[in-house]
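[1] got a structure for you, letters missing:
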């Protein structure tokens, strides 16, 4: 009983101490010339990072913290702007820190790499060739960002949100967290989560791949040439706005499938549901396809394979 009481007292002491700590204040403010810099490299632990644009001609780095003796190091090494947690100073309970990076609107780094352990990442209006963002236990939010070659976002246990941008290859992956993608144009879009929902809105690509083990997939206003969508334990809703050009698939283990296609689209459905019905609103029929059910629409064409173990299938036109 005494041990439990001591544990409770200690926990209350820690919580009270954190509440009494001062809020963040700007403790560091430095300007850096963009001359010869083509890489941004961020490697932080608990600190948050925000990258935005400025009308100025130099890079501005501001650090806000409630403990001025414990802030990240900022320096220039060769062609890199480096921002990193100092390894020789230990973190203490209640330490709060956010790094603000303001880039000139006419500055376009070739490589931008951001890695954080438990902090959050926010990027707004970045132009780069390659963007790689990783977080162990923090959310990632990227807005109005274009990357010539690729955008790769990954989080172990955090949410990923991307809105408005273009790239050649896009990927978003999280072990435990939702993925939200809006207004993205890319040759390839890959979304993968082990435990979370995937939502895409107004995306345009050649190939779309969405996969989740535990969660729903909802893709609205989608333009793509072909797709592969898989949900082990969750439903799939896909709204297509164009004629697909190659064989595509939707697969669920225990979830329903709702596919909405253009009225004039030429395609073929191959559907299979072990314990569910197929509601064809286009032909106004209902089937129970224990084995492959094949049906052509308009002039026929490329096949869409739909396979669900225990879920219904619904097909409709928009």
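    It's in. All of these numbers come straight from a predicted model, not from anything done at the bench.
[2] excluding its backbone neighbours, what's nearest residue 75?
    residue 82 (5.3 Å; C-beta to C-beta, 6 or more residues apart in numbering). Quick note: C-beta positions are derived from backbone N, CA and C, even for glycine.
[3] now the element after whichever helix or strand the one you found is part of, going C-ward?
    Mapping residue 82 onto the secondary structure by DSSP states H and E places it in strand 80-84. Of the helices and strands lying after strand 80-84 in sequence (DSSP H and E), the nearest is strand 97-104.
[4] packing partners of that next one?
    strand 39-44, strand 48-54, strand 59-65 (3 or more C-beta pairs under 8 Å, 6 or more residues apart in numbering; DSSP states H and E).
[5] residues near residue 285, how many?
    Per other C-beta atoms under 10 Å, the neighbour tally for residue 285 reads 11.
[6] so what pairs up with it in the strands?
    When bridges are called by DSSP bridges, residue 285 pairs up with residue 280.
[7] tell me the pLDDT at residue 13?
    Residue 13 is assigned a predicted lDDT (pLDDT) of 45.
[8] ok, which stretches of the stretch 101-250 of the chain are strands?
    For the stretch 101-250 of the chain, the strands identified by DSSP state E, counting those that start in this stretch occupy 111-116, 121-124, 127-135, 140-143, 146-155, 160-166, 169-176, 179-195, 198-214, 217-233, 236-240, 248-252, in order along the chain.
[9] roughly how far is the fifth one from the heart of the chain?
    Relative to the centre of its chain, strand 146-155 is centred 10 Å away, using C-alpha atoms, centre = their mean, to the nearest Å.
[10] quick check: angle from it to strand 169-176?
    Between the direction of strand 146-155 and that of strand 169-176, the angle (axes from the mean of the first three to the mean of the last three C-alpha atoms, to 10 degrees) works out to 20 degrees.
[11] with the last one instead?
    Comparing the axes of strand 248-252 and strand 169-176 via the same axes, to 10 degrees yields an angle of 0 degrees.
[12] and strand 248-252, what's buried?
    Residues of strand 248-252 classed as buried by neighbour count (16 or more other C-beta atoms under 10 Å): 248, 250-252.
[13] and of the helices and strands packed on strand 97-104, who's closest to residue 125?
    Go through those one by one with C-beta to C-beta and the one that ends up closest to residue 125 is strand 48-54, at 4.7 Å.
[14] can you list the weak-confidence ranges in the protein?
    Low-confidence regions of the chain, defined here as pLDDT under 70, cover residues 1-23, 87-94, 289-290.
[15] same thing but 90
    1-24, 36, 66-70, 86-96, 272-278, 283, 285-294, 309-311, 318 (pLDDT under 90).
[16] find the centremost residue of it, please.
    With distances taken as C-alpha atoms, centre = their mean, the chain has residue 160 as the residue nearest its mean C-alpha position (3.4 Å).
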